[in-house]
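Enquirer: Task: produce atomic coordinates for the following.
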Amino acid sequence: MTRFSHFVAIDWSGAAGQRHKGIALAICAPGTQAPALVRPGHRWSRAEVLDWLRSDLPPACLVGMDLGQSLPFADCGAFFPGWAQSPPDARALWAMVDAACADEPHLSVNAFVNAAEPARHFRRHGGRCGDLFPTGRGRLRLTERAQEKMGCKPYSNFNLVGAAQVGKSSLSGMRVLHRLAEHLAIWPIDPLPDQGSVVCEIYTTIAAMAAGRPASRSKIRDGAALDTALAALGSAPFHHAGPIDDHQSDALITAAWLRAAADDQALWHPPGLTAEIAQTEGWTFGAT
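Expert: Modelled structure (predicted):
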């Protein structure tokens, strides 16, 4: 029997501004009841999500956040190779990003990505590509290499441009993780505790694939297709007729998947996750 009381999935956004259509929260309890949206119809801000996690999260939750916990480290032996101030681990990186952007509203990260040394590593808007950003999709973490082997197509957290960009969402998420660190365990930077709530990184495509969707068609925008995916995960239907926002469906499916996958010990101990990788790059729950 699972030790978790609830399972929460958060579809995240690093977009500019205060409130975002791209943020959705879903929650479910053990069993087969359909997941529900948290505050349906509400347009969340990143700060509100942080406050909800600090103040309103039920006890003993498994929380998945769809963002990159860290930047690539193992490939070059550093987040920012050649820079003397490059942080030694993920926690120090979170602290650096949050401190650099302390004066920015809405947990934004422009001050960090535009700073002289970090900017050399990022692909930014307006055709600005740092001289240390490699060709192609950019540097990847080991967990993203594992995702590739599963059939996914992850992009670098150093990429801040285009529909496939994940950089700003991950960096803004790091500000949240830094501020949550004293409140919640963050796996795998923290070991999986025997009790209490845990935050982990998720990739909603992995959840969709577990529900029978191909990686290339992981997005669901129809209520009937959502119920089919939920059924594959052992969940009762959500019963939404017609079109549905794909951020909401991502959160709903991933909450149901977390419930189904939480007791799979292999997912907490993937082959590529060493102690050093846990502290520097982190890992995506479900990436094997």
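Enquirer: where do the strands sit along the stretch 51-200 of the chain?
Expert: 61-66, 185-186, 198-201 (DSSP state E, counting those that start in this stretch).
Enquirer: JSON lines for those strands, including distance to Ala24, mean pLDDT and mean neighbour count?
Expert: To be clear about C-beta, it is placed using only N, CA and C from the backbone, and glycine gets the same treatment. Formatted as JSON lines, the strands of the stretch 51-200 of the chain follow (distance: least, C-beta to C-beta, whole Å; pLDDT from 0 to 100; neighbours: other C-beta atoms under 10 Å):
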{"stretch": "strand 61-66", "distance to Ala24": "9", "mean pLDDT": "98", "mean neighbour count": "26"}
{"stretch": "strand 185-186", "distance to Ala24": "21", "mean pLDDT": "98", "mean neighbour count": "20"}
{"stretch": "strand 198-201", "distance to Ala24": "17", "mean pLDDT": "98", "mean neighbour count": "25"}
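Enquirer: okay if I get those strands as CSV plus distance to Gly223?
Expert: As requested, these are exported to CSV (distance: least, C-beta to C-beta, whole Å):
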stretch, distance to Gly223
strand 61-66, 21
strand 185-186, 33
strand 198-201, 28
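Enquirer: Which one of the ones you listed lies nearest to Gln33?
Expert: Smallest distance to Gln33 across those (C-beta to C-beta): 15.6 Å, for strand 61-66.
Enquirer: Residue ranges in the stretch 101-250 of the chain under the pLDDT threshold?
Expert: For the stretch 101-250 of the chain, the stretches flagged by pLDDT under 70 are 163-164.
Enquirer: make it 90
Expert: Low-confidence segments of the stretch 101-250 of the chain (pLDDT under 90): 124-128, 135-137, 161-166, 216, 241.
Enquirer: ok so, going back, relative to Thr284, tell me which of the strands of the stretch 51-200 of the chain wins on proximity.
Expert: Per C-beta to C-beta, nearest to Thr284 of the strands of the stretch 51-200 of the chain: strand 198-201, 4.8 Å.
Enquirer: got the CA coordinates for the following helix or strand past the closest one in PDB?
Expert: Going down the chain from strand 198-201, the next helix or strand is helix 204-210, by DSSP states H and E. The C-alpha trace of helix 204-210 is given here as PDB (Å, rounded to 0.1, in the frame of the first residue of the first chain):
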ATOM      1  CA  THR A 204       4.400  14.800 -18.900                       C
ATOM      2  CA  THR A 205       5.300  12.900 -22.100                       C
ATOM      3  CA  ILE A 206       6.400   9.900 -20.000                       C
ATOM      4  CA  ALA A 207       3.100   9.800 -18.300                       C
ATOM      5  CA  ALA A 208       1.300  10.000 -21.600                       C
ATOM      6  CA  MET A 209       3.400   7.200 -23.000                       C
ATOM      7  CA  ALA A 210       2.500   5.100 -20.000                       C
END
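Enquirer: Now do the buried residues in the helix or strand following helix 204-210.
Expert: Remark: after helix 204-210, the chain's next helix or strand is helix 223-232, criterion DSSP H and E. Within helix 223-232, the residues that qualify as buried by neighbour count (16 or more other C-beta atoms under 10 Å) are 223, 225-227, 229-230, 232.
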